[in-house]
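Peer 1: I need the structure of the sequence given here:
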Amino acid sequence: EQETSEQEPVVSIDPATLELTPEEEAELREMVRLEEKRDPTADYLNALLDSLLELREKENFDPILESLEEEFHDSLARKDFEVTLKILKSLDHVSHICESETKWAITIIDNFFFTASSYQSLRPLQAAWSEMGAGQIKKIKEILLALQPEAIHTLGSMLLQTPSLRLQQMLTEVIFSLASRDLRPLEAMLDRPEEDLVQKLVLVVSSLGGERPIQILAKMVHHSSARVRQAAVKGLLRRGPASIEELFHLIEDEDDSVRRLIWHHMGKERNEVSETLLLQYLEQGKIEGSDDKHIIACFRTLGRCGSPRSIPFLRQTLLGRTWLPDLRSSAYRQGAALALQAMRIKGAQQVLEDASRSLKPGVRRIARKVMQDQGHQSKE
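Peer 2: Purely as a prediction, here's the structure:
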């Protein structure tokens with residue numbers, strides 16, 4: 001110490017050289033601030049994760065995973081989402097490495113993700129929904145996407161309890177992504193009693209590709225809820241026109257919105273399949289449990305999707321059919337006239353003109369009324 005103290009005066013330093021420029025002083029202050037702000041949690045996590053890769057023995061994995069699980073819960077509670085995401089991504093990385101080298105570790109890591117996906121683990125997120133901005137919601141979405149598909153069970157419950165449309169959209173997108181990896185958790189959720197939740201999940205299934213989603217939607221068209229049936233029907237109809245053959249029975253669905261959906265789809269364009277289905281249905285003349293409005297709607301749809309092939313049947317129904325029950329004959333004739341009007345082709349128009357000169361007052365009145373309405377529509 002004496003030698004040191006003797007040497008210090010020998011060093012010649014100009015005091016002026018110790019003065020910092022404003023830029024240097026600002027840089028020094030920033031270095032001090034960053035050092036003070038340094039989070040020891042990051043070093044702790046890195047040490048734990050490094051240990052997982054270095055210590056490939058089960059007795060080491062268990063306590064380390066327990067520590068990571070505790071830190072996962074704590075990071076969510078304090079809204080330190082960067083740490084939460086780091087844990088999930090790092091463990092996923094470790095899991096991929098262990099697939100070829102340490103297969104027994106996969107089960108332990110899977111158990112971690114299973115616990116992390118539970119409602120109890122993710123509940124802190126829901127408690128903070130109302131306080132989150134766009135940036136935090138984006139980070140939470142990354143966290144949820146890093147979970148396993150089993151998390152769909154928890155996310156479905158959250159979806160049902162979340163009033164925010166923005167958060168509902170985020171949760172729906174995550175459920176879609178997870179279901180794309182494994183559809184089974186989502187399929188199991190479709191047995192839940194909550195109608196609103198099941199409807200939302202059916203919409204997710206409708207957006208998924210593959211054969212299994214089609215099978216699920218075909219099952220859901222028999223659901224007790226009309227809203228769920230309607231969502232399933234829309235999903236199937238988007239797959240292609242061939243679906244209408246499997247869905248045609250819904251033309252007699254007890255819910256008017258479902259029936260209208262089938263009519264609307266069939267009546268969008270000329271279609272031989274739709275025309276054949278409606279012709280066979282109407283030619284039976286025994287539509288049970290349906291009122292006149294239903295019969296007329298079916299005829300009108302036939303006119304929109306049909307071709308000249310349907311004109312003979314419509315002509316016979318309007319002008320010559322006498323076997324129809326008295327209570328339904330008027331509805332059939334009115335429907336046939338409306339179908340002919342909807343066709344907007346020369347042959348159909350000729351039948352209406354012939355009917356307008358019929359010796360039967362009822363037929364004449366129906367035809368003239370339809371042609372009159374047609375004239376008004378043309379002027380408009």
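Peer 1: point to the helix or strand of this structure where mean pLDDT is at its lowest.
Peer 2: Using mean pLDDT, DSSP states H and E, helix 2-7 stands out as the lowest-scoring helix or strand of the chain, at a mean of 44.
Peer 1: could you list the low-pLDDT ranges of the stretch 51-200 of the chain?
Peer 2: Along the stretch 51-200 of the chain, the parts satisfying pLDDT under 70 run over 52-57.
Peer 1: Leu340 against Phe313, yeah?
Peer 2: No. The pair Leu340 / Phe313 is not scored as a contact, 10.6 Å apart, by CB atoms under 8 Å. C-beta: built from backbone N, CA, C; applies to glycine.
Peer 1: what about those two, which has more around it?
Peer 2: Leu340 (31 against 17; other CB atoms under 10 Å).
Peer 1: okay, the more buried one: pLDDT?
Peer 2: Listed pLDDT for Leu340 reads 95.
Peer 1: is it within a helix or a strand, and which one?
Peer 2: Element membership of Leu340 [criterion: DSSP states H and E] is helix 326-343.
Peer 1: show me what counts as buried in that helix.
Peer 2: For helix 326-343, burial by neighbour count (16 or more other CB atoms under 10 Å) applies to 328-343.
Peer 1: show residues contacting that helix.
Peer 2: 282, 285, 292, 295-296, 298-300, 302-304, 306, 310-311, 314-315, 317-318, 321, 324, 348-349, 351-352, 355, 362-363, 366-367, 369-371, 373-374 (CB atoms under 8 Å, 6 or more residues apart in numbering).
Peer 1: which of those residues count as buried?
Peer 2: 282, 295-296, 298-300, 302-304, 306, 310-311, 314-315, 317-318, 348, 351-352, 355, 363, 366-367, 370-371, 374.
Peer 1: keep only those of the residues you listed that are in helices.
Peer 2: 282, 295-296, 298-300, 302-304, 311, 314-315, 348, 351-352, 355, 363, 366-367, 370-371, 374 (DSSP state H).
Peer 1: could you report the neighbour count for Ser206?
Peer 2: Other residues near Ser206 come to 21 when the count uses other CB under 10 Å.
Peer 1: same check on Ala179?
Peer 2: There are 22 residues near Ala179, going by other CB under 10 Å.
Peer 1: cool, Glu66 as well?
Peer 2: 11.
Peer 1: ditto for the one 5 residues further on
Peer 2: Around Glu71 sit 19 other residues, with neighbours defined as other CB under 10 Å.
Peer 1: which element is it on?
Peer 2: Residue-wise, Glu71 maps onto helix 58-77 under DSSP H and E.
Peer 1: toward the C-terminus, what is the element adjacent to that helix?
Peer 2: helix 81-101.
Peer 1: helix or strand right after that following helix?
Peer 2: helix 104-116.
Peer 1: tell me what the helix or strand following that next one is packed against?
Peer 2: For helix 104-116, the following helix or strand on the C-terminal side (DSSP H and E) is helix 119-127. Where contact means 3 or more CB pairs under 8 Å, 6 or more residues apart in numbering; DSSP states H and E, helix 119-127 is packed against helix 58-77, helix 152-161.
Peer 1: compute the number of surrounding residues for Leu279.
Peer 2: When neighbours are counted by other CB under 10 Å, Leu279 registers 16.
Peer 1: ok, and for whichever helix or strand it is part of, which residues are buried?
Peer 2: Secondary structure assignment for Leu279, by DSSP H and E: helix 272-283. For helix 272-283, burial by neighbour count (16+ other CB under 10 Å) applies to 274-275, 277-279, 281-282.
Peer 1: backbone dihedrals for Ser164, both of them.
Peer 2: With angles defined as degrees, to the nearest 10, Ser164 sits at phi -70, psi 130.
Peer 1: apologies, that question was intended for Arg78.
Peer 2: Taking degrees, to the nearest 10 as the convention, Arg78 sits at phi -100, psi 10.
Peer 1: look up how far His93 lies from it.
Peer 2: Using CB to CB, to the nearest Å, one gets 24 Å for the distance from Arg78 to His93.
Peer 1: what does Glu69 give?
Peer 2: 17 Å.
Peer 1: what helix or strand is the residue lying closest to Trp129 once chain neighbours are set aside located in?
Peer 2: Nearest non-adjacent residue to Trp129, counting by CB to CB, 6 or more residues apart in numbering: Leu167, 5.9 Å away. Assigned by DSSP H and E, Leu167 falls within helix 165-181.
Peer 1: and that helix, what does it pack onto?
Peer 2: Against helix 165-181 (3+ CB pairs under 8 Å, 6+ apart) you get helix 134-145, helix 152-161, helix 184-189, helix 195-207.
Peer 1: adding distance to Val83, write those helices out as CSV.
Peer 2: Below are the helices and strands packed on helix 165-181 laid out as CSV (distance: least, CB to CB, whole Å):
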stretch, distance to Val83
helix 134-145, 10
helix 152-161, 20
helix 184-189, 26
helix 195-207, 30
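Peer 1: what's the closest of those helices to Ile97?
Peer 2: Proximity to Ile97 (CB to CB) singles out helix 134-145 among the helices and strands packed on helix 165-181, at 20.7 Å.
Peer 1: tell me which residues of that closest one are tucked away?
Peer 2: 139-141, 143-144.
Peer 1: those: which two are farthest apart?
Peer 2: Farthest apart among the buried residues of helix 134-145 by CB to CB are Lys139 and Leu144. That separation is 10.0 Å.
Peer 1: coming back round to it: make JSON lines out of the buried residues of helix 272-283 and add pLDDT.
Peer 2: Output for the buried residues of helix 272-283, formatted as JSON lines (pLDDT from 0 to 100):
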{"residue": "Ser274", "pLDDT": "93"}
{"residue": "Glu275", "pLDDT": "95"}
{"residue": "Leu277", "pLDDT": "94"}
{"residue": "Leu278", "pLDDT": "95"}
{"residue": "Leu279", "pLDDT": "94"}
{"residue": "Tyr281", "pLDDT": "92"}
{"residue": "Leu282", "pLDDT": "91"}
